[in-house]
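> fold the following.
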Amino acid sequence: MSNRLIEILSEKETSEYLKKEFNNITYLEFADLKDFVNELYIISKKAINEEKNIVVVGD
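The predicted model follows:
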């Protein structure tokens with residue numbers, strides 16, 4: 001997933017991608033989603049660079 005996320009997004013393209021994919025959300029929800037995706041992007045790049053795994057638990 002991390003590799004796919006990095007293929008799709010770069011830090012500057014995140015907003016444009018999210019606007020296209022999630023065009024029915026409010027501005028505040030968009031801001032939260034953008035923050036989440038940016039953090040996930042950073043964490044994913046770090047995990048790949050350090051050859052670590054990301055484990056997700058929960059819904």
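> which SSE is residue 56 in?
Assigned by DSSP states H and E, residue 56 belongs to no helix or strand.
> that one and residue 46, how far apart?
16 Å (CB to CB, to the nearest Å). C-beta: built from backbone N, CA, C; applies to glycine.
> neighbour count for those two, which is higher?
Applying other CB atoms under 10 Å to residue 56 and residue 46 shows that residue 46 carries more neighbours, namely 12 against 6.
> before we move on, what SS does the nearest residue to the more buried one once chain neighbours are set aside have?
For residue 46, ignoring the flanking residues on the chain, the nearest one in space by CB to CB, 6 or more residues apart in numbering is residue 52 at 7.6 Å. At residue 52 the chain is in coil, as set by DSSP: H, G, I helix; E, B strand; the rest coil.
> quick check: phi and psi at residue 52.
Torsion angles at residue 52 (phi, psi; degrees, to the nearest 10) stand at phi -110, psi 160.
> report pLDDT for it.
Looking at residue 52, its pLDDT stands at 90.
> next one: it relative to residue 40, how far apart?
Residue 52 sits 14 Å away from residue 40, going by CB to CB.
> for this protein, what's the longest helix?
helix 27-49 (DSSP state H).
> and the gap between the residue nearest to residue 46 and residue 32?
Note on residue 52: its distance to residue 32, by CB to CB, is 26 Å.
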